[in-house]
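Asks: one predicted model, sequence on top.
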Amino acid sequence: MTDAQWHDVGAVAELASTSLRQVLVGKTKVALSCVDGTFGAVHNTCNHAGGPLGHGALEGDYIVCPWHHWKFHRITGEGEPGYEADRVPRFDLKLEAGRVLVREEAATRRNRLPHAPHPLDRDPTERAPGPLRVVGISTTVMDNQHPRYSTSEALLESALEHARKQHSLEARVIKLRELSFRACEGYYSKSAHACTWPCSISQMDPKDGMNEVYENLVFWADVVLVATPIRWGAASSLFFKMAERLNTVQNQITLRKRVMLKDKVAGFVITGGQDNVQAVAGHMLQFFGELGLQFPQFPFIAHSRGWTAEDMERNVEVVKASAELHDGARALLDRCLDLAARLQKSAAPKFEHGGRKASGLGRKYGVA
């Protein structure tokens, strides 16, 4: 062992003053720790998604990765109890003349335990053959035990029922209020690479309700209809909670040029007692456009009786009784289906419906 294999990373007194830091050993980044005067050195790169261990925190003798909280022993590099074999390389070190020296070559090798892939970790670009598929997402917040009439959800249901009955298509509905999912916890703010696909929250929580949204939006649907009430001039709080968690989809475009949503169409249903339709629609168009979705001509329908209309029960009565609004929801779906059929390279609208030639609302959209 020659002296050239050892690198002076700093004074003992200075390095001991911080329990965990990142240092450079030759060209290798190392997580250097010190607890009660005892130093440890392990590779800086986490096994999970490459997070910088030296920027993490210590829990006892375990380094907690700042990105997704994986843990490795600060001296041995072994994973936390139960995952000891999932380890990062450790480095020999020594103290000489008040200096900390770390050997350049790692004393152990990295070992990644095999992990079963997450159900969402698959290629989204291959569309399963079959007729066009429609998913509706309701972002209305309410007490599920004591449901109320939702004007946006009612119009969404009219559109989905139209898909089922008039076009004989499968149409699913997702009510965000029925899903249990955590808000985005800001991994992207730590590093763009910390925002992974699948979402790191989904990886850590198999019961994460956003899995249903990801599955339907990325892998299943050709047409996505999103319905929201207007709340203080904006979309619902549940819409924004979902939107933040969809950053994982957009981030794949930024980091890997991987477009998760191809040849998919979105339309919007917006209602409220307060008037700010254009702002809500504009934000939704911009957001879903960045995800890669496309829009038909006239991509949203909306209803509002204006800022001063505080008699909300009247607003509900208007929507319930308005054939025009419910027909508008059905027409929105038709425009989305028309565009979706054109986007599918092998798709062609089939005009046979109910045993006779049909057109307009009577079209049946089949994809060969």
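Replies: Now that the structure is in, tell me what you want to look at.
Asks: what sits against Phe300?
Replies: Applying C-beta atoms under 8 Å, 6 or more residues apart in numbering, we find Phe300 in contact with Gly267, Phe268, Val269, Ile270, Ala281, Met284, Leu285, Leu332. Where C-beta positions appear, they are placed from N, C-alpha and C, glycine not excepted.
Asks: turn these into TSV, including neighbour count, distance to Glu161 and pLDDT.
Replies: Output for the contacts of Phe300, formatted as TSV (neighbours: other C-beta atoms under 10 Å; distance: C-beta to C-beta, whole Å; pLDDT from 0 to 100):
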residue	neighbour count	distance to Glu161	pLDDT
Gly267	30	15	98
Phe268	23	18	98
Val269	31	13	98
Ile270	24	19	97
Ala281	18	23	97
Met284	22	22	98
Leu285	16	25	98
Leu332	25	13	98
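Asks: from the residues you listed, which land in helices?
Replies: When those are checked against helices (DSSP state H), the matches are Ala281, Met284, Leu285, Leu332.
Asks: ok, the second one touching Ala235?
Replies: The one in question is Met284. Yes - Met284 lies in contact with Ala235 (C-beta atoms under 8 Å); the separation is 6.6 Å.
Asks: show me whatever sits in contact with both of these two.
Replies: By C-beta under 8 Å, 6+ apart, the residues touching both Met284 and Ala235 are Thr228, Ile270.
Asks: could you work out the end-to-end span of stretch 194-211 for me?
Replies: Stretch 194-211 has its terminal residues 18 Å apart, counting by C-alpha to C-alpha, to the nearest Å.
Asks: would you indicate which residues of that stretch are buried?
Replies: 194-203, 208-211 (16 or more other C-beta atoms under 10 Å).
Asks: next: stretch 90-97.
Replies: Arg90, Phe91, Asp92, Leu93.
Asks: likewise stretch 124-134?
Replies: So for stretch 124-134, counting by 16+ other C-beta under 10 Å, buried means Pro124, Arg127, Pro131, Leu132, Arg133, Val134.
Asks: go through the buried residues of stretch 90-97 and say which is closest to Ser138.
Replies: Checking the buried residues of stretch 90-97 against Ser138 by C-beta to C-beta gives Arg90 as the nearest, at 51.6 Å.
Asks: okay, now the unreliable bits of the stretch 1-150 of the chain?
Replies: Applying pLDDT under 70 to the stretch 1-150 of the chain flags residues 1-4, 125.
Asks: can we see that at 90?
Replies: Residues of the stretch 1-150 of the chain meeting the criterion pLDDT under 90: 1-4, 114-117, 122-129, 144.
Asks: now the strands for it?
Replies: For the stretch 1-150 of the chain, applying DSSP state E, counting those that start in this stretch gives strands covering 6-11, 20-25, 28-35, 38-43, 57-59, 62-64, 71-73, 93-96, 99-103, 134-138.
Asks: do the stretch 251-368 of the chain as well
Replies: 265-272, 300-304, 352-353, 356-357.
Asks: would CSV of the ones you listed with distance to Lys190 be doable?
Replies: Formatted as CSV, these follow (distance: least, C-beta to C-beta, whole Å):
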stretch, distance to Lys190
strand 265-272, 30
strand 300-304, 35
strand 352-353, 53
strand 356-357, 58
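Asks: now, of these, which is deepest in the fold?
Replies: Across the strands of the stretch 251-368 of the chain, averaging neighbours per residue (mean count of other C-beta atoms under 10 Å) puts strand 265-272 on top, at a mean of 27.
Asks: where in the stretch 251-368 of the chain is pLDDT low?
Replies: For the stretch 251-368 of the chain, the ranges with pLDDT under 90 are 272-275, 305-316, 344-368.
Asks: what's the closest of the buried residues of stretch 124-134 to Val141?
Replies: Among these, and counting by C-beta to C-beta, the member closest to Val141 is Val134, at 23.0 Å.
Asks: centre-most residue in the chain?
Replies: Leu246 (3.3 Å; C-alpha atoms, centre = their mean).
Asks: look up how far Gly233 lies from that one.
Replies: Distance, Leu246 to Gly233, by C-beta to C-beta, to the nearest Å: 22 Å.
Asks: beta-bridge partners for the closest residue to Ser322 other than its chain neighbours, please?
Replies: Distances taken as C-beta to C-beta, 6 or more residues apart in numbering place His303 nearest to Ser322, at 7.7 Å, with adjacent residues excluded. Taking DSSP bridges as the rule, His303 bridges to Thr271.
Asks: separation between His303 and His55?
Replies: 50 Å.
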